[in-house]
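K.L.:
pasted the sequence and its predicted model underneath.
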Amino acid sequence: MTTSDFSGPLHGSDLEGPVLESLDTLETALTLQPLGDNRFRATSERDRFGRIFGGQLLAQALYAASRTVDEHAPHSLHAYFVQTGASDTPVDIAVTAVRDGRSMATRQVTVTQGERTLLTAMASFHSNGAETVLESAPPDVEGPEAMPLLQHWVHRVPPALRRHAQNWIDVPPAVELRIAEPTNFLGGPQVPGPRSHWMRLPRPIADEPALHTAMLAYASDYLLLDMALRNHPEPADYRSLAAVSVDHALWLHRPVRFDQWHLYMQETVEIAGHRALIRGTIRDRGGHTVASSSQEVLIRPVANQP
């Protein structure tokens, strides 16, 4: 597929088919095969990075844990990315029931591939009341219709980044991402301050709260690492630095319908040595805070890699 200007609607564009295909493979990856004793086996979405995307592992861990809890909805996930995995090999997900209380439940989740541990996580569930609500104003940013798709910026990348950038068109994420500036990995400038983008699933999915929450967990992993490079005080890009996510935390404040638009505001909290901390807030279009995220990333000059 050739690079084109994706500043208009996704529907009817050359990108629509690939994005829908990516969502199909993600839904398949979340069709967990029960193995007994709260263990599951699953496939992976389409390979975009030469490895399993961390957001997929987050979604599978949270969704598998949800399958073992009867009455409570997830309210937090704390995960560590341990090792990378291969997209062409199934993963095994083991859930351990740590606690089942009257209003809360706790699960430990481990995602493995053969002898390799890819992710370990703790997930907490709670039957939340609806009495107290902090009112929020709608976000003071342009709506998604006024922002170009992420892939719009591919045709502006420097020649050295073109081969990697084209991957975001040929094998796009399973979510529609709209952003007002190019990301660092697409040649965007290094500037201080927060950045926001709109995101949603490109079509409706099953009316299952746990599935929508898992899809949100998947999307919450996008562009956090890029924020650390965007805000880095020294020259930083994907050619001179090796950057990986170390851990990921997600707090779920409200039920989510992720086939509707959500605004993801991200900011770099701190960069110290080779580590950076990024924080995110996810709001629905009415301004209600649906979820909060935090991720620590490791950034090293390529010459320092072992």
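P.N.:
Okay, I see it. A quick note: this is a predicted structure, and the numbers were derived from the prediction, not measured.
K.L.:
for residue 153, give me its contacts.
P.N.:
179, 181-183, 186-188 (Cβ atoms under 8 Å, 6 or more residues apart in numbering). C-beta coordinates here come from the backbone N, C-alpha and C atoms, glycine included.
K.L.:
the stretch 51-200 of the chain: helices as residue ranges?
P.N.:
Under the criterion DSSP state H, counting those that start in this stretch, the stretch 51-200 of the chain contains helices at 54-66, 162-170.
K.L.:
just the strands in the stretch 101-250 of the chain please.
P.N.:
Using DSSP state E, counting those that start in this stretch, the strands found in the stretch 101-250 of the chain span residues 104-113, 116-126, 176-179, 195-200, 241-252.
K.L.:
between those, which one is nearest to residue 13?
P.N.:
Closest approach to residue 13 among these is made by strand 176-179 (10.6 Å; Cβ to Cβ).
K.L.:
distance from the helix or strand of the chain with the lowest mean pLDDT to the middle of the chain?
P.N.:
Lowest on mean pLDDT, DSSP states H and E among the helices and strands of the chain sits helix 162-170, with a mean of 88. Put simply, helix 162-170 sits 19 Å off its chain's centre (Cα atoms, centre = their mean, to the nearest Å).
K.L.:
what residues sit buried inside it?
P.N.:
Neighbour-count burial for helix 162-170, counted by 16 or more other Cβ atoms under 10 Å, picks out 165-166, 168-169.
K.L.:
hang on, the earlier thing: what's the closest of the strands of the stretch 101-250 of the chain to residue 15?
P.N.:
Nearest to residue 15 among the strands of the stretch 101-250 of the chain is strand 176-179 (9.0 Å), distances taken as Cβ to Cβ.
K.L.:
mind checking how far that closest one is from the chain centre?
P.N.:
Per Cα atoms, centre = their mean, the centroid offset for strand 176-179 relative to its chain is 13 Å.
K.L.:
noted, bye for now.
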